[in-house]
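# build me a model:
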Amino acid sequence: MKKFFTGLLVTLIVIVLLYFGSIYYFLSQAHIGASDITDEWKSDEHILRVLVVGLDHSETQGQNVRTDTIMLMQLDYKSGKVSLLSIPRDTYVYLSAVNHMDKINHAFRYGGIETTKAVVSEILNIEIPYYVVVGYDMAREAVDLVGGVEVDVPIDMVYEDPTADPPLYINLEKGLQILDGKKALQYLRFRKGYGNQDLGRINAQQVFVQSFMHELTKPVNLLKVPLMVKSYTDNVNTNLPLSKLIKFAAKIRLYNFNDMELATLPGIPNERNGISYYDVNADELLELANKLYR
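Got it, this is the predicted structure:
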């Protein structure tokens, strides 16, 4: 049976913000001095743009690893605005690393996270300085650390694929419920039951992000900072400098996560030679990029 991998980037994005808050709190408790923070702290730059990538494997690096989910997160600490753009993994793009058109989720296999980041940057015609790459373990641990996430599961979710890595067994009933880490992964990895499959999964991810952020910002979770930091350092590959994390962590309470701008790369599902692709609508993409990033 073909391996079935579904996204978990929803949680990944949360991980980024989780780390912002964790590091800031952790360092403030240690009475870090002003001299320990670089000039980047004093910068007027108020936008943080991060490509958050979830992989189809528990590892965060490797030649055979593909991106299962891709999202671009942007935080504006002056306005409090947060945007989250989901990019379908079947998006049909030009990959300069191999000089041909292919699915965007193959970019990681050809050139790692830098190639993936470059492709997304070219699509949107914007600079993307930072990335966060995580595997399955981070998502599960993050959800458990905040005590679970409340989600209104839209449909009965039943699916299994023992050949997947990790093996996939999904059994969730429809309705409002609190998902622990294990069940959250089932929710995030479910795809086949949606009428529009990958787009339906993306919508589920975005809903999950908002609910996770609600739990993450509860004061009780500040007590779990040491565990959060350990989970992050054990499972995440990122180029975000500590100074940048501290700067945006200082404003984490000001971000309006309940009114987060959620969007999906505009386009339509298509098929070529029996293979599913997602074709981008260039006109709608330009309009969306101008709205979110200009």
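# give me the neighbour count for the nearest residue to Val133 once chain neighbours are set aside.
Nearest residue to Val133, sequence neighbours excluded (Cβ to Cβ, 6 or more residues apart in numbering): Asn237, at 4.2 Å. C-beta: built from backbone N, CA, C; applies to glycine. When counting by other Cβ atoms under 10 Å, one arrives at 16 neighbours for Asn237.
# am I right that Asn237 sits in a strand?
Yes: counting by DSSP: H, G, I helix; E, B strand; the rest coil, Asn237 is part of a strand.
# wait, doesn't it sit right on Val134?
Yes: Asn237 lies in contact with Val134 (Cβ atoms under 8 Å); the separation is 7.4 Å.
# can you count the residues close to Ser79?
By other Cβ under 10 Å, the residues close to Ser79 number 12.
# ok, now Leu240?
If you count neighbours by other Cβ under 10 Å, Leu240 ends up with 19.
# that one reaches Ile128, doesn't it?
No: proximity of Leu240 to Ile128 does not meet the contact threshold set by Cβ under 8 Å, at 12.0 Å.
# joint contacts of those two?
Common neighbours of Leu240 and Ile128 (criterion: Cβ atoms under 8 Å, 6 or more residues apart in numbering): Val50.
# how about the helices in this protein?
In the chain, the helices defined using DSSP state H lie at 9-29, 107-124, 136-145, 181-189, 198-216, 225-235, 242-249, 282-293.
# looking at those, which has the lowest confidence?
Looking at these, the lowest mean pLDDT belongs to helix 9-29 (a mean of 47).
# pull the contacting residues for Glu45.
Neighbours of Glu45 in contact, by Cβ under 8 Å, 6+ apart: none.
# and the residue nearest to Val132 when sequence neighbours are not counted, how far from Val82?
Using Cβ to Cβ, 6+ apart and skipping residues adjacent in sequence, the residue nearest Val132 is Thr238, 4.5 Å away. Using Cβ to Cβ, to the nearest Å, we find Thr238 at a distance of 18 Å from Val82.
# these two: who's more crowded?
For the pair Thr238 and Val82, the greater number of neighbours falls to Val82 (24 against 20), based on other Cβ under 10 Å.
# grab the nearest non-local neighbour of that one.
Per Cβ to Cβ, 6+ apart, closest to Val82 is Met260, 4.7 Å.
# tell me the confidence at the one you found?
In this model, Met260 is scored at 79, pLDDT.
# and for it, the neighbour number?
Considering only other Cβ under 10 Å, Met260 is surrounded by 18 other residues.
# kindly report the same for the one 3 residues further on.
Using other Cβ under 10 Å, the number of residues around Ala263 comes to 17.
# mind listing what it touches?
For Ala263, the contacting residues are 83-86, 288, 292, by Cβ under 8 Å, 6+ apart.
# that one bridge partners, please.
On the basis of DSSP bridges, Ala263 is bridged to Leu85.
# same thing with Asn270?
Beta-bridge partners of Asn270, as defined by DSSP bridges: Tyr277.
# going forward can the numbers begin at 90, since that is how I track them
Done: numbering now begins at 90, and the last item shifts to Asn359.
# surely it meets Tyr367?
Yes: between Asn359 and Tyr367 there is a contact at 7.0 Å, judged by Cβ under 8 Å.
# what's the overlap in contacts for those two?
By the contact definition Cβ under 8 Å, 6+ apart, Asn359 and Tyr367 are jointly contacted by Tyr181.
# neighbour count: the two, which is higher?
Using other Cβ under 10 Å, the more surrounded residue of Asn359 and Tyr367 is Tyr367, with 21 against 12.
# C-alpha coordinates for stretch 361-375, PDB please?
Listed next in PDB are the C-alpha coordinates belonging to stretch 361-375 (Å, rounded to 0.1, in the frame of the first residue of the first chain):
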ATOM      1  CA  ARG A 361      -1.200  14.600 -15.200                       C
ATOM      2  CA  ASN A 362      -0.500  11.100 -16.300                       C
ATOM      3  CA  GLY A 363      -2.500   9.700 -13.300                       C
ATOM      4  CA  ILE A 364      -0.600  11.900 -10.800                       C
ATOM      5  CA  SER A 365      -2.300  14.500  -8.700                       C
ATOM      6  CA  TYR A 366      -1.000  18.100  -8.800                       C
ATOM      7  CA  TYR A 367      -2.100  21.500  -7.600                       C
ATOM      8  CA  ASP A 368      -1.900  24.300 -10.200                       C
ATOM      9  CA  VAL A 369      -1.400  27.800  -8.900                       C
ATOM     10  CA  ASN A 370      -3.700  30.600 -10.000                       C
ATOM     11  CA  ALA A 371      -1.200  33.400 -10.800                       C
ATOM     12  CA  ASP A 372      -3.600  36.300 -10.700                       C
ATOM     13  CA  GLU A 373      -5.200  35.300  -7.400                       C
ATOM     14  CA  LEU A 374      -1.700  34.600  -6.000                       C
ATOM     15  CA  LEU A 375      -0.500  38.100  -6.900                       C
END
